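>>> Pasting a predicted model and its sequence here:
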Amino acid sequence: MTIQSNSLSDRTGMIKHKLFLGFTFFEILMLSVLFLYSQMTVTTRNRNKVPAKRELVKLLKLTDLSLWTEARYTRHPSQADVFTAFQDFPSSFEHFPAGSIIGPESITMSTTINPGRP
Amino acid sequence: MRHLKILEYALSSLLRRKYRNISLIAVYALTIGILASVLFLTYSLKLEATRILIDAPDIIIQRLSAGRHDLIPSEYAGTIRDIPGVGSAEPRYWGYYYDSLSHSNYTLIGIDTNLPGLSLLEGRMPSDAGECAIGAGVGQARIVGPGDTLTLLNSRDTGVEFHITGTFRSESNILTNDLVVMTKKDLLHFFDLPADRSTDIAVTVHNPDEIATIAGKIKKAYPDTRPITKSEIIRTYDAVFNWRSGMMLTVFSSALIAFCILAWDKATGISAEEKHEIGILKAIGWDTADILELKFWEGIVVSLTSFLLGLLAAFIHVFFLNATILSPVIKGWSVLFPSFRLTPYIDIYQIFVLAFLTIIPYVASTIIPSWKTAITDPENVMRS
Amino acid sequence: MESLIWTENVTKIYNPRKPDEIRALEDASLNIEKGEVVVLKGPSGSGKTTLLSLIGCMGRPTSGRIVVDGKDVAKLPERFLTLIRRRTFGFIFQQFNLIRNVSVLENVLLPLYPVEISFADMRGRGEKILEDLGISDKMQMKVNKLSGGEQQRVAIARALINGPEIIIADEPTAHLDRKLSTDLLRILEDLNITGKTIVIATHDPFVYDHPFIKRIVEMRDGRIQDIKLTVTLKTGEEGQRR
């Protein structure tokens, strides 16, 4: 008497490699299609939507995205001044989760304390 | 042909521990999916920011007082305008407003009354006193729209009514979500700001190559100011979503630590059953290279499948489902957070780096523990 | 008759120069001719398994020469050794050493996976061998669900799948009852009739007393003590021969 095993490998014989390669190919194909879609969408949106947003930025003289509105330095990170990352005092902890995304900006034209300066 | 056969055997081997390997793939794909989602989201936002903020003012002049941001005399604009190379220098009037009704912060902007309409504005810009245009987030928070009245409390704790003449379209949410645009006069009056002061000054420059030089001249002319150039504005957003900092680093670190634990667990040794199986294979004619190829395929099947599934899931999650799972994390404590359809900017380099960091270590942690056994003579099988 | 395997002063030491050093085999010299059935007889620890594994290219001797089918295998690089092992030898292990939870067919085909033949050819060979051994109806069953005798046949099928010249069996009757032992020996005898050379390591008298055994190599304490012919060879010579 033969006991039929009903595992997938037995029923499909030696085609597991074909199934795997086929599935992988399908995944790569899907990703390629999505990538092509992304390229097309980027081109379309750049053509249709970006100019309007740029117009808005120019007219209202905007400098920042309206993403995080918890605090001055999260709402306008590009305008944040030297000490703002620390809010009330330099060693205070970060108040807002968004602050963990925004690191302190590098100091270029800002006021600096230079003890050696006469 | 023999490579396909060894792959076949590798798949059989993985299917023998079906539930374990499927769970492994599921968890691994989820990890990669989250990482890839963060990568896609941050890259998309970064590129969006850098592309649309390209028309931001060339230089913003802030005034600092006792190390803190202070209002700037509007007359500074006149002197700045006279610097050779400067195209225009216009004072900006804006500030923040905390709305206790909705517990959210708005950004109030005061504009000249003769501004043209915008394609992203439904209605018109405010042209008279008592008028305003609002962002979609403000409209949702206060449940108001064009034609309605928005009441805000001014600095004298008096309610001021503004007739809403326009609402910014949702496509512009990323820029306008929390905005309330009114006339310059209304803003000065609302915040009780001195007439001769402004929030800061926006400067345009004829030659972009001279921006840094002109900023230096302005700084010299007014040492109490802080010029912020456009490149710094753009660089801010480059850095905000930089994968080396902030949230990305936290997420990556956690995933990396989890992965190291997994790899260490695998690398500390293979089971006696696996060793015995390798011994048998060697005894019946598989050489070291065949065994290592078998382990390679076992590693590739799991890691490549996880990677591709994770990537697919991340793409769909971020660009079709608007990152619904991640947005609470990104949103943080913001009451107003823009709903926006992310543009699918994809950085192929990042994808390759992710592939490299997820596939190679896993495959290595599958091959390396088997190495010692694979190179051992099979006579030990006879002796066991 | 041509010599198929010969060993000259083969010694095998495990963990040399260490406190747990084992001198498993010393100065073993042996000549096996094509078509012979040779038994390595001796108690546990006599070195018979070690000699068997060295003859079967499963390991290298510490010193001495081993020539298989004209090739000095003691110094060959691993991949050539593997090729010889795969093409020339079929192994039947004491504990069968089948892979659990894998089907009969897959177990039998294992030696063919790293070989450049198609899936269809491979499968065809496997099915034929299983049919010849009378277990083709159990092809898709997991080996751990088979009886001892059936597993033995699977092990034999796996040993034969590459069409080897030499069958190596290490204590093949250790876990078998009398009936199954008889079946096994009958199969080995049939294989010998087709021209295969058989080398068996055993301390089971049921095996070494069997009429089809042509020569017995007695071993003790890692050394060959005696070599006896049990049948008259075709040339008519009798007596001891090294």
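That came through fine.
>>> from the chain's centre, how far out does stretch C:130-150 sit?
Centroid separation between stretch C:130-150 and its chain, computed with Cα atoms, centre = their mean, to the nearest Å, is 21 Å.
>>> same check, this time on stretch C:112-123
The answer for stretch C:112-123 is 23 Å, by Cα atoms, centre = their mean.
>>> Report whether it contacts chain A.
Yes. On the criterion Cβ under 8 Å from any Cβ of the partner chain, stretch C:112-123 is in touch with chain A at C:119, C:123. (Each C-beta comes from the backbone N, C-alpha and C, glycine too.)
>>> Distance across that stretch, terminal residue to terminal residue?
Terminal residues of stretch C:112-123 lie 10 Å apart, using Cα to Cα, to the nearest Å.
>>> Helices of chain A, residue ranges please.
Per DSSP state H, chain A carries helices over the ranges A:8-12, A:16-48, A:50-60, A:72-75.
>>> what's the burial count for residue A:39?
When neighbours are counted by other Cβ atoms under 10 Å in any protein chain shown, residue A:39 registers 13.
>>> Mean neighbour count, the helices of chain A: which tops it?
Highest mean neighbour count among the helices of chain A (mean count of other Cβ atoms under 10 Å in any protein chain shown): helix A:72-75, with a mean of 22.
>>> rewinding a little: out of the helices of chain A, point me to the one whose mean pLDDT is lowest.
With a mean of 43, helix A:8-12 has the lowest mean pLDDT of the helices of chain A.
>>> Phi and psi next, for the residue most central in space within chain C.
Most central in chain C under Cα atoms, centre = their mean is residue C:168, positioned 0.6 Å from the mean C-alpha point. Residue C:168 adopts backbone torsions of phi -110, psi 130, taken as degrees, to the nearest 10.
>>> could the helices of chain A go into CSV alongside distance to chain B?
Shown next, in CSV, are the helices of chain A (distance: least, Cβ to the nearest Cβ, whole Å):
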stretch, distance to chain B
helix A:8-12, 5
helix A:16-48, 3
helix A:50-60, 4
helix A:72-75, 7
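>>> Quick one: closest of those to chain C.
Ranking those by proximity to chain C (Cβ to the nearest Cβ) places helix A:8-12 first, at 4.5 Å.
>>> Just the CA atoms of stretch C:215-234, as CSV, please.
C-alpha atoms of stretch C:215-234 as CSV (Å, rounded to 0.1, in the frame of the first residue of the first chain):
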residue,chain,number,x,y,z
ARG,C,215,38.3,-12.8,0.2
ILE,C,216,38.4,-12.0,3.9
VAL,C,217,40.8,-9.4,5.2
GLU,C,218,41.2,-9.9,9.0
MET,C,219,42.0,-6.8,11.0
ARG,C,220,42.7,-6.1,14.5
ASP,C,221,44.0,-3.0,16.4
GLY,C,222,44.4,-1.0,13.2
ARG,C,223,46.4,-3.7,11.3
ILE,C,224,45.8,-6.3,8.7
GLN,C,225,46.4,-9.6,10.4
ASP,C,226,45.5,-12.0,7.7
ILE,C,227,44.1,-12.2,4.2
LYS,C,228,42.2,-15.4,3.2
LEU,C,229,40.8,-16.5,0.0
THR,C,230,37.5,-18.2,0.5
VAL,C,231,37.0,-19.3,-3.1
THR,C,232,39.3,-20.5,-5.9
LEU,C,233,39.9,-17.7,-8.3
LYS,C,234,39.6,-18.2,-12.0
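>>> any idea of the mean pLDDT for it?
The average pLDDT for stretch C:215-234 rounds to 76.
>>> chain center to it, what's the gap?
17 Å.
>>> what does it contact?
The contact list for stretch C:215-234 (Cβ atoms under 8 Å, 6 or more residues apart in numbering or on different chains) reads C:1, C:23-30, C:36-43, C:45-48, C:50-51, C:208, C:211, C:213-214, C:238-242.
>>> Next, the buried residues of it.
For stretch C:215-234, burial by neighbour count (16 or more other Cβ atoms under 10 Å in any protein chain shown) applies to C:215, C:216, C:217, C:218, C:219, C:222, C:224, C:227.
>>> Next one: the second one relative to chain B, how far apart?
When Cβ to the nearest Cβ, to the nearest Å is applied, the distance between residue C:216 and chain B equals 20 Å.
>>> That residue falls within a strand, correct?
Yes. Residue C:216: assigned to a strand according to DSSP: H, G, I helix; E, B strand; the rest coil.
>>> separation between the residue nearest to the centre of chain C and residue C:188?
The gap separating residue C:168 from residue C:188 is 11 Å, by Cβ to Cβ, to the nearest Å.
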